[in-house]
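Student: 3D model of this:
(one chain, ligands or ions: 1)
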Amino acid sequence: MTPTLISADIPVADWFDPHEAMVDPYPQFARLRALGPIVHAPAVGRVFLTTHEAVSGAERRPEIFSSYSEQNLTMMRALGGRPMLRKDDPEHAAERSAINPTLRPKAITSVWSPRFAENVAVWAEHLLEIGPERADLNRDFAAPVASQNLIDLLGFPEEVDVESMRRWSTSYIAGIGNLLDDAAIWRRCDESQSEVDALLDELLPRLREAPDGSVTSHLLQVGLPEEVVRANVHLTISGGMNEPQHMITNMVWALSLHPEQRDAVLAGEVSWGDAFEETARWQSPIGMIPREVAVDSEFLGAQLPEGTNVGLLLASANRDEQVFPDADRYDARRTARGHLAFGSGVHMCAGRWAAKNAIAEHALPALYERIPSLRLDPERPTLWDGWVFRGITALPVTW
Ligand code: HEM
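Tutor: This next block holds a predicted model:
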């Protein structure tokens, strides 16, 4: 494929360094925004949209910024099929509308919320058993809670353990980000795909006979072809665990660094829901989402030729001072309305209500109720990784 010519009117950030972004992406995001809403980053072969106006504007123009990409193929390779997230409407809408009913607030409250409460109770006990010298909130609480919630949402059988779900999810996420074509990462994706497919070989006929309220069952009920059902189950595994896991640790980390705000939340002066939204804005688990320009276009004064590989920098848009005054400051009182951590437009996260319920109604309140003196362990370091998908990989805590 011939490389797309980036027009000369777009500023170039030849200094953008993805390795440095892994350590802390926010200083480079600020420099990108200072250059303008549309910036070319040769190191990643993309044109970045950097501001809130640019990202939300692009999400309103899917006819220009298409999700049906022929260049961003790692997701399809990782998941073994083309899921809804790599399609445009009307094809996308047919698949999305299948899962919406079971992920809307009403179903969350009546069906899923009690399950999330049970899962949190089990894993809070586990954390306590590990003890204040060794506990890692990521490994011992956030990952298993997010895993078990997703096992339930997908309607997977009880025998599926949280470790398998965690392994599948992390291998898919690594595959989606495998721009350097690392063979070992593809091998892990292939193994995960065959394990999940073997499970679906048994589960799908059962759900055809006896439908239930799960995401998998809803995908089947509307009569989608089986390979489409499978691709979207793999997609939900990739996104439905990793991000909620990161949100749990990010929230505890953010509140621990701002004890006055943590105390305000615990005293009921600030809602858990507002703290959740502000954490999603301030430390967005998904930093960038890909799109491809479908037709030669002008956007915010710049010429974008067909085929341009675009990165919508959600995490940068969420630090845009034009929309969030004092944007680098964590402030759970600001209510963070309009943040883009869940995307916007037709692909806006299908699981956002499930995630908010699981975390702001259950995981965080139960954690602090069970362990009121929970705090970061100063003796053991917190570790972060990633900028496209960014999260805490170790969060040692004590009490
Ligand atoms: C805090 C947790 C979460 C965050 C930050 C998050 C973030 C996102 C974002 C940014 C997108 C849009 C991607 C794009 O447009 O390219 C998305 C889409 C999606 N998310 Fe989430 N997500 C979370 C939790 C979940 C959960 C729990 C589920 C499943 C139960 C889920 C399922 C999906 C699905 C199926 C899509 C694709 C929607 C479509 O293409 O229409 N997510 N998510």
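Student: where does the stretch 51-200 of the chain come near the ligand, residue by residue?
Tutor: Contacts of the stretch 51-200 of the chain with the ligand, taken as Cβ under 6 Å from any ligand atom, map to Met84, Leu85, Arg96, Leu153. Yep, even glycine has a C-beta here, placed from its N, CA and C like the rest.
Student: ok, the first one - how many residues close by?
Tutor: I take that to be Met84. 26 (other Cβ atoms under 10 Å).
Student: circling back to that earlier point, which among the residues of the stretch 51-200 of the chain next to the ligand gets closest to Asn138?
Tutor: For these, the residue nearest Asn138 by Cβ to Cβ is Leu153; the value is 20.5 Å.
Student: And for that closest one, nearest residue in space, chain neighbours not counted?
Tutor: Of all residues not flanking Leu153 in the chain, Val215 sits nearest, at 5.4 Å (Cβ to Cβ, 6 or more residues apart in numbering).
Student: Quick one, grab the pLDDT at the one you found.
Tutor: The model reports Val215 with a pLDDT of 97.
Student: Kindly report the same for Leu5.
Tutor: Model confidence at Leu5, given as pLDDT, is 63.
Student: contacting residues for the most centrally placed residue in the chain?
Tutor: In the chain, the residue lying closest to the centroid (Cα atoms, centre = their mean) is Glu243, at 3.9 Å. Neighbour list for Glu243: Pro285, Ile286, Ala355, Phe389, Gly391 [criterion: Cβ atoms under 8 Å, 6 or more residues apart in numbering].
Student: Nearest to the ligand: which residue in the stretch 1-150 of the chain?
Tutor: Proximity to the ligand, evaluated over the stretch 1-150 of the chain using Cβ to the nearest ligand atom, is greatest for Leu85 at 3.9 Å.
Student: Please disregard the earlier target; I meant the stretch 251-399 of the chain.
Tutor: Counting by Cβ to the nearest ligand atom, the stretch 251-399 of the chain gets nearest the ligand through Gly351, at 2.1 Å.
Student: so what's the backbone phi/psi at that residue?
Tutor: Backbone geometry at Gly351, expressed as degrees, to the nearest 10, gives phi -100, psi 20.
Student: Could you verify that the residue nearest to the centre of the chain is part of a helix?
Tutor: Yes: under DSSP: H, G, I helix; E, B strand; the rest coil, Glu243 falls within a helix.
Student: And it, how far from the ligand?
Tutor: Distance of Glu243 to the ligand, computed by Cβ to the nearest ligand atom, to the nearest Å: 3 Å.
Student: and Leu32, how many residues sit next to it?
Tutor: Neighbours of Leu32 (other Cβ under 10 Å): 24.
Student: returning to that earlier point: can you put the residues of the stretch 51-200 of the chain next to the ligand in TSV and add pLDDT, secondary structure and distance to His258?
Tutor: As requested, these are arranged in TSV below (pLDDT from 0 to 100; DSSP: H, G, I helix; E, B strand; the rest coil; distance: Cβ to Cβ, whole Å):
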residue	pLDDT	secondary structure	distance to His258
Met84	93	helix	37
Leu85	92	helix	33
Arg96	95	helix	36
Leu153	97	helix	31
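Student: Can you give me every residue that contacts the closest residue to Arg104 other than its chain neighbours?
Tutor: The shortest distance from Arg104 to any non-neighbouring residue, by Cβ to Cβ, 6+ apart, is to Trp353 (6.7 Å). By Cβ under 8 Å, 6+ apart, Trp353 lies in contact with Leu103, Arg104, Pro105, Ile108.
Student: which two in these are spaced the farthest apart?
Tutor: Greatest spacing in the contacts of Trp353, by Cβ to Cβ: Leu103 and Pro105 (8.9 Å).
Student: Neighbour count for the two, which is higher?
Tutor: Leu103 (21 against 12).
Student: The more buried one reaches Val215, doesn't it?
Tutor: Yes: if you go by Cβ atoms under 8 Å, Leu103 and Val215 touch, sitting 7.1 Å apart.
Student: How far off centre is the helix or strand harbouring Ala366?
Tutor: Using DSSP states H and E, Ala366 sits within helix 364-370. Relative to the chain's own centre, helix 364-370 is displaced by 23 Å; criterion: Cα atoms, centre = their mean, to the nearest Å.
Student: What of stretch 326-334?
Tutor: 21 Å.
Student: Then stretch 277-296?
Tutor: On Cα atoms, centre = their mean, the centre of stretch 277-296 falls 9 Å from that of its chain.
Student: Would you map the strands across the stretch 1-150 of the chain?
Tutor: Here the stretch 1-150 of the chain has its strands, by DSSP state E, counting those that start in this stretch, at 38-41, 46-49, 65-66.
Student: most packed of the ones you listed?
Tutor: Ranked by mean neighbour count under mean count of other Cβ atoms under 10 Å, those are led by strand 46-49, which reaches a mean of 26.
Student: Can you show me the CA trace of that strand as CSV?
Tutor: Extracted in CSV, the C-alpha atoms of strand 46-49 (Å, rounded to 0.1, in the frame of the first residue of the first chain):
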residue,chain,number,x,y,z
ARG,A,46,-0.3,8.6,12.7
VAL,A,47,-2.0,12.0,12.7
PHE,A,48,-3.1,12.7,16.3
LEU,A,49,-6.2,14.6,17.2
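Student: was I right about Asp14 contacting Pro42?
Tutor: Yes: Asp14 is within contact range of Pro42, at 5.8 Å (criterion: Cβ under 8 Å).
Student: When these two are compared, which one has more neighbours?
Tutor: Comparing Asp14 with Pro42 by other Cβ under 10 Å, the one with more neighbours is Pro42, at 12 against 9.
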